[in-house]
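In: from the sequence below, what's the structure:
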Amino acid sequence: MIMVKNKEPDSVYFLKLVLYLIIGAQWLRITKSGLQIPIPIGLIIGILFARTDHFQIDRKVEYAILLVAMFVGFWLPLGLEIVIR
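Out: As a prediction, the model looks like this:
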């Protein structure tokens, strides 16, 4: 008996990559009297999504996109900033 895996369309694959890129770039920055604590909240959420994905693309690709997005998001003003006074 031949088992055929369900292949997802290219548009779904591309959409998932874009979503991982957007999610991975999100940061939570907590600022208190000049001290800034950056937390890569998008990376944490992205890893949880990647682990529970039903139509899994190669997880290494998902993790690589999340890491690249995380580093790009660190230097860009993306995400939330909480200022404590």
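
In: quick check: mean pLDDT of stretch 78-85?
Out: Taken as a whole, stretch 78-85 has an average pLDDT of 89.

In: er, stretch 21-30 I mean
Out: Here the average pLDDT along stretch 21-30 is 94.

In: ok now that stretch, how far from the chain's centre?
Out: Offset of stretch 21-30 from its chain centre (C-alpha atoms, centre = their mean, to the nearest Å): 8 Å.

In: excluding its backbone neighbours, what's nearest the spatially most central residue of the chain?
Out: In the chain, the centroid-proximal residue (C-alpha atoms, centre = their mean) is G24; its distance is 2.5 Å. Closest residue in space to G24, ignoring its immediate chain neighbours: A69 at 3.1 Å, by C-beta to C-beta, 6 or more residues apart in numbering. In this view, the C-beta of every residue, glycine as well, is placed from N, C-alpha and C.

In: same thing with A50?
Out: Excluding the flanking residues, the one nearest A50 by C-beta to C-beta, 6+ apart is E62, at 4.4 Å.

In: what is the subsequent helix or strand relative to the helix or strand hosting that neighbour?
Out: Element membership for E62, per DSSP states H and E: helix 59-75. Going down the chain from helix 59-75, the next helix or strand is strand 80-84, by DSSP H and E.

In: what packs against that next one?
Out: strand 28-32 (3 or more C-beta pairs under 8 Å, 6 or more residues apart in numbering; DSSP states H and E).

In: centre of the chain versus the strand it packs on, how much separation?
Out: So, by C-alpha atoms, centre = their mean, the centroid of strand 28-32 is 19 Å from its chain's centroid.

In: export only the CA atoms of that strand, formatted as CSV.
Out: Extracted C-alpha coordinates of strand 28-32, given in CSV (Å, rounded to 0.1, in the frame of the first residue of the first chain):
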residue,chain,number,x,y,z
LEU,A,28,8.4,43.3,24.2
ARG,A,29,10.6,46.1,25.6
ILE,A,30,10.3,47.1,29.2
THR,A,31,11.9,50.4,30.1
LYS,A,32,12.4,51.7,33.6
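
In: would you mark the buried spots in it?
Out: For strand 28-32, a neighbour-count test (16 or more other C-beta atoms under 10 Å) marks R29 as buried.
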